[in-house]
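Trainee: Sharing a model prediction with you, sequence too.
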Amino acid sequence: MPKEQEPKAAQRVRLILGDQLNAAHGWLHKPEASTLYVLMEVRQETDYAWHHIQKVLGFFGAMRRFAEHLRKNGHRVLYLTLDDPRNTQHIPDNLLWILRATGATNFSYQLPDEYRLDLQLKEFAASCGCAVEVADTEHFLTQRNEIAELFAGKKQYLMERFYRVMRERTGLLMNGEKPAGGQWNFDKENRGRPPKTHVAPPPLFFDHDLRKIQLMLIAHGVKTIGTVDAAHFSWPVDRMESLELLTYFCAHLLPHFGTYQDALLPGQWALYHSRLSFALNVKLISPLEVCQAAEAAWKADPDRITLPQVEGFIRQIIGWREYMRGVYWAQMPRYATLNFFGHDSPLPQWYWTGKTKMACLREAITSSLTNAYAHHIQRLMITGNFALLAGVDPNEVDRWYLGIYIDAIEWVEITNTRGMSQFADGGIVGTKPYVSSGAYINKMGHHCGSCYYDVKDRTGPKACPFNALYWHFHARSRDHLESPDARPGTMMRVAMVYRTWEKMDASTRQALLDKGDELLANMETL
Ligand SMILES: Cc1cc2nc3c(=O)[nH]c(=O)nc-3n(C[C@H](O)[C@H](O)[C@H](O)COP(=O)(O)OP(=O)(O)OC[C@H]3O[C@@H](n4cnc5c(N)ncnc54)[C@H](O)[C@@H]3O)c2cc1C
Ligand code: SF4
């Protein structure tokens, strides 16, 4: 990356954050000599969480590519690398000297997706002495405050209702006013378990040499987690590559996406998932174009790509993704403090190494450390499930999820982690805690066969830890789930679990509780 010259005079400075790489943004339609675009690599961002090395490389790699793209299109760009001597490593301080050096009288920024950046830029804008313009990112299909407005006065939000509104608004998978196929949701058909020998198509990799960035990070002592082959960085870093990944997904993965959405297969870390979350979250591609491409692929070949496959995919994007963003803006900053069950155990150390005898957890954590990625069901029903059963402090769980994934940005990380996965919000996002015993994990995949533990055993020395912990969690959480602070109807949704618990004889219940206590006391050795 060539070093920038001293910035010359400009009337307007426009800030583009690392997750605002939207080439179609209205700002960029035509170059203006009086406007300077500013992008910066700062310690403020590398250090607010302990990020995976691939996440930092992915962000900086994509930002540099985006800056090149802007320059090629005639825009004036000031790109501050992390090692630039002028870089104060702090966004407002950098902006201050840039505004002074250029003599700009106008400062513009796009609405940040993170609460902490929103606050920081609002404060800066109020004190910078310039005329300030705040623009939309022109990426999402909803406004920040829409969930709050749609569900005003309600204690909980209903994703399904929101999703229908989104289908109607976008016209995706609609036959006039009716949903295509006569059904809004084909979730029940999204629960297939592939045979053990099933092999999904390989993930599509790109090949970037990002060693210079890696060396810069090392030289500056930026602490990261996980591993990378920086000479062959494999994630998309520009729009063309993101579109290529989308095309690959529609051609090869979408035909089975829905069916195997919840499946777990050893050795196949991406299965039929799109791996588009990074490209989407840094806005290299838009949610609408992704969904339209999937819909077009279905229409072009409905025998190969059936409606449940494409509906399952589109629901994740116009449903869950937009919904999570709305929940975030409706609930922050309070959301980051919620701990419905009062959990306070530390996260087991092996979450940072993958060194556990539990095959399903070992694979999910190892994939996370190696690929900066795990698919949704690994995040929810393996690592998240276990952390909830083990009563881990949601702050620790959040810290792990916010660092480890290439797609982890707080608005979508915290709502999934604290909300969907840990039920720490008491059911604002989820209708009941997403927990399971080993039986579910065995049903959805093939890890148990090769595990040190016995999935069918509940209390013996080699019993699958998920089993006793599952009952221990329900027994200790009953008061919470019954309390008026829980989402209305939660107890009804878990009533079956408690009926089964009550049908067990007292000695079985006690044995499960004792085993649960033993597991909780020996977390680090599992
Ligand atoms: C505990 C936990 C933490 C998570 N943290 C993140 C995170 O930091 N960043 C992130 O982008 N997603 C997060 N998710 C949601 C989801 O797991 C990822 O979006 C998905 O695994 C990314 O892989 P993919 O692109 O292959 O997704 P696919 O399975 O191919 O799905 C397609 C797209 O749908 C969207 N999507 C799917 N599920 C969700 C969801 N629950 N919420 C929001 N969007 C969704 C994503 O944009 C994704 O790219 C988390 C889920 C859980 C349970
Ligand atoms: S036996 Fe239990 S710990 Fe082992 S893979 Fe199966 S569910 Fe995971």
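Mentor: Perfect, thanks for sending it. Ligands and ions are numbered 1, 2, ... in the order given.

Trainee: Outside of stretch 183-200 itself, list whatever touches it.
Mentor: Stretch 183-200 is contacted from outside by 160, 163-164, 167, 253, 256, 258-263, 265, 268, 270-272, 307-308, 311-312, 315, 443-446, 449, using Cβ atoms under 8 Å, 6 or more residues apart in numbering. Heads up, the C-betas are built off the backbone N, CA and C, glycines and all.

Trainee: mind checking how far that stretch is from the chain centre?
Mentor: 22 Å (Cα atoms, centre = their mean, to the nearest Å).

Trainee: same deal with stretch 91-105?
Mentor: Once both centres are worked out by Cα atoms, centre = their mean, stretch 91-105 turns out to sit 33 Å from its chain's centre.

Trainee: was I right about residue 515 contacting residue 468?
Mentor: Yes. Using Cβ atoms under 8 Å, residue 515 is in contact with residue 468, at 3.7 Å.

Trainee: Tell me which of the two has more neighbours.
Mentor: Ranked by neighbour count (other Cβ atoms under 10 Å), residue 515 and residue 468 place residue 468 first, with 26 against 22.

Trainee: residue boundaries of the strands in the stretch 1-150 of the chain?
Mentor: 12-15, 35-40, 76-80, 106-110, 131-135 (DSSP state E, counting those that start in this stretch).

Trainee: Just send those back as JSON lines, with mean pLDDT and mean neighbour count too.
Mentor: As requested, the strands of the stretch 1-150 of the chain are exported to JSON lines (pLDDT from 0 to 100; neighbours: other Cβ atoms under 10 Å):
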{"stretch": "strand 12-15", "mean pLDDT": "97", "mean neighbour count": "22"}
{"stretch": "strand 35-40", "mean pLDDT": "98", "mean neighbour count": "23"}
{"stretch": "strand 76-80", "mean pLDDT": "97", "mean neighbour count": "21"}
{"stretch": "strand 106-110", "mean pLDDT": "98", "mean neighbour count": "21"}
{"stretch": "strand 131-135", "mean pLDDT": "97", "mean neighbour count": "14"}
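
Trainee: which secondary element of the protein has the worst mean pLDDT?
Mentor: Ranking every helix and strand in the chain by mean pLDDT, DSSP states H and E puts helix 146-150 at the bottom, with a mean of 84.

Trainee: show me what contacts the closest residue to residue 205 other than its chain neighbours?
Mentor: Nearest residue to residue 205, sequence neighbours excluded (Cβ to Cβ, 6 or more residues apart in numbering): residue 234, at 3.9 Å. Residue 234 is in contact with 205-208, counting by Cβ under 8 Å, 6+ apart.

Trainee: and the gap between residue 234 and residue 48?
Mentor: 25 Å (Cβ to Cβ, to the nearest Å).

Trainee: same check, this time on residue 112
Mentor: Between residue 112 and residue 48 the computed distance is 13 Å (Cβ to Cβ).

Trainee: the more surrounded of these two?
Mentor: Each of residue 112 and residue 48 has its neighbours counted (other Cβ under 10 Å); residue 112 has more, 21 against 14.

Trainee: Let me know the distance separating the more buried one from ligand 2.
Mentor: According to Cβ to the nearest ligand atom, to the nearest Å, residue 112 and ligand 2 sit 39 Å apart.

Trainee: Contacts only, for that residue.
Mentor: For residue 112, the contact set (Cβ under 8 Å, 6+ apart) comprises 17, 118, 121.

Trainee: Show me which residues of the protein are close to ligand 1?
Mentor: The chain comes close to ligand 1 at residues 273-277, 280-281, 316-317, 320-321, 324, 375-376, 379-380, 384, 401, 405, 407-408, 412-413, 416-417, 420-421, as judged by Cβ under 6 Å from any ligand atom.

Trainee: From those, which land in strands?
Mentor: Among the residues of the chain next to ligand 1, DSSP state E puts none in strands.
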